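>>> fold the following, please.
(one chain, ligands or ions: 1)
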Amino acid sequence: MSEKLRLGILGGGGDSLIGVLHRVAANMFDQYKIIGGCFNPDPQENKKFAEKLGLNPNRVYDSFEILIDSEMKLPLEERMQVVSVLTPNFLHYPMAKKLLENGFNVICEKPLTTSYSEAIELEELQKKNNTAFAVTYTYTGYPIVRQMKDMIKNGVIGKIQKVDMQYYQGWINPIIHDKSQRNSVWRLDPKKAGISSCIGDIGTHAYHMLEYLTDMKVKEVLADLNHLYDDNELDIDGTVLIRFSNHSKGVIRASQIATGEENNLTVAIYGDKGGFRWEQENPNYLYYLTNDKPLQVLKPGNPYLSEFSLQDTKLPAGHPEGIFDSMGNIYNGVARKIKGIKNFDGGFPTLEEGVRGMKFIEKVVESNAKGNIWLNL
Ligand SMILES: NC(=O)c1ccc[n+]([C@@H]2O[C@H](COP(=O)([O-])OP(=O)(O)OC[C@H]3O[C@@H](n4cnc5c(N)ncnc54)[C@H](O)[C@@H]3O)[C@@H](O)[C@H]2O)c1
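Residues are numbered from 1 along each chain as shown. As a prediction, this is how the structure comes out:
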């Protein structure tokens, strides 16, 4: 199959944060053509935005239900093949469910749903058809992150003994101290965000990245979450102790009130032979630490990197890769799966990984609510 995949988009309108990232990613490898969608619940805004994108108005719909019903009436060779779900969290489940029931491939933003039970339901539905379903834990698409994954798999840093994942942002700080503002943001509204703000929005990235990189499953969590005002009890900060086993432990630290921080996801993983440090805000540098040699810095696009890391590199070394490339690589992974092209394990984050992310959020919130106790994951 060589022609472009027909892509539809739900959410991600002109007023959104994440829409542009997905549109650029979809176009990056010439694998997709955006043919329509429902970008905004306001029909006028929806049409206006679609016009700006130059889309055929017949493929721009007033709701996701109308989109799916109308697309299903089209012949298979015209119908959207993949639909991206880029709305606030509470809409992921109904949208993904109807898409799965009708056999579409899906690319869905994280967190997958607002509850673990909804996530399980989606997993059951997907088992019935052989479609692709990606959950966009965006940062796993960086070439140098893929390199770190491969080196850990190949035993370069040995047996993992300590992990420290940090995801610090400060954007809620100016909002949280103003009562009307804190009650108008969807990420702080449990009906739209789910049971967690900080852990659901960013802690889940750090957790997923940890399991993605190590190929290990976190066994137990103990959480201490924080909120600043009793009229808004969703967590905006939290520390989660984690155990892989009795002798392999660590911490996930996440905050939306780390004043002045932007998008500071930092990974530190230490084994008995070496360690890695990586920072999302400087994503082209992978720091490789050992006891007996000077610090090494690995950079994307170099011939010493793994096949998986190099697979989606587009320009020679020295041309920095960024967040758009990272998401582009995930879209490319999904295209490979749909087109039956060789794909590496980890080429895109799967539905199962999204389900596990929901379990993590629920267990962390439960641990905190029950007085900071250890819970099995
Ligand atoms: N992967 C990442 O790194 C990352 C980063 C940011 C956001 N996200 C996720 O992306 C999702 C969207 O976040 P955002 O920051 O872009 O939100 P946003 O509020 O900026 O944008 C949401 C968009 O959805 C549209 N929308 C709302 N209701 C709709 C409906 N019923 N039908 C169609 N469109 C509708 C809005 O008009 C808007 O365009 C969230 O789930 C969030 O967690 C992921």
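
>>> and the stretch 1-150 of the chain, which of its residues are near the ligand?
For the stretch 1-150 of the chain, the contact set with the ligand under CB under 6 Å from any ligand atom comprises 10-13, 15-18, 38-41, 64, 86-89, 91, 109-110, 136, 138. (C-beta placed from N, C-alpha, C; glycine too.)

>>> from these, which land in helices?
Judged by DSSP state H, the subset of those located in helices is Phe64.

>>> which of the residues of the stretch 1-150 of the chain next to the ligand are buried, as a PyMOL select command?
Of those, the buried ones go into a single PyMOL selection, burial set by 16 or more other CB atoms under 10 Å:
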select buried, resi 10+11+12+13+16+18+38+39+40+64+86+87+88+89+91+109+110+136+138
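
>>> what about the residues of the stretch 1-150 of the chain next to the ligand, which are in strands?
10-11, 38, 86 (DSSP state E).

>>> and the strands in the stretch 51-200 of the chain, which stretches?
Ranges of strands within the stretch 51-200 of the chain are 82-86, 105-108, 133-135, 160-168, based on DSSP state E, counting those that start in this stretch.

>>> packing partners of the third one?
Just to be clear, that refers to strand 133-135. With contacts taken as 3 or more CB pairs under 8 Å, 6 or more residues apart in numbering; DSSP states H and E, strand 133-135 sits against strand 105-108, helix 323-339, helix 351-369.

>>> which of these sits closest to Arg243?
Checking these against Arg243 by CB to CB gives helix 351-369 as the closest, at 12.2 Å.

>>> that closest one - what's its average pLDDT?
The average pLDDT for helix 351-369 rounds to 98.

>>> same check, this time on stretch 25-34
For stretch 25-34, mean pLDDT rounds to 98.

>>> ends of it, what's the gap?
Terminal residues of stretch 25-34 lie 11 Å apart, using CA to CA, to the nearest Å.

>>> do stretch 359-377 as well
Stretch 359-377 has an end-to-end distance of 7 Å (criterion: CA to CA).

>>> do stretch 72-81 as well
11 Å.

>>> same check on stretch 257-266?
16 Å.

>>> so which bits of it are buried?
By 16+ other CB under 10 Å, the buried positions in stretch 257-266 come out as 257-258, 261, 264-266.

>>> got a list of what Pro303 touches?
Shown in contact with Pro303 (CB atoms under 8 Å, 6 or more residues apart in numbering): Leu310.
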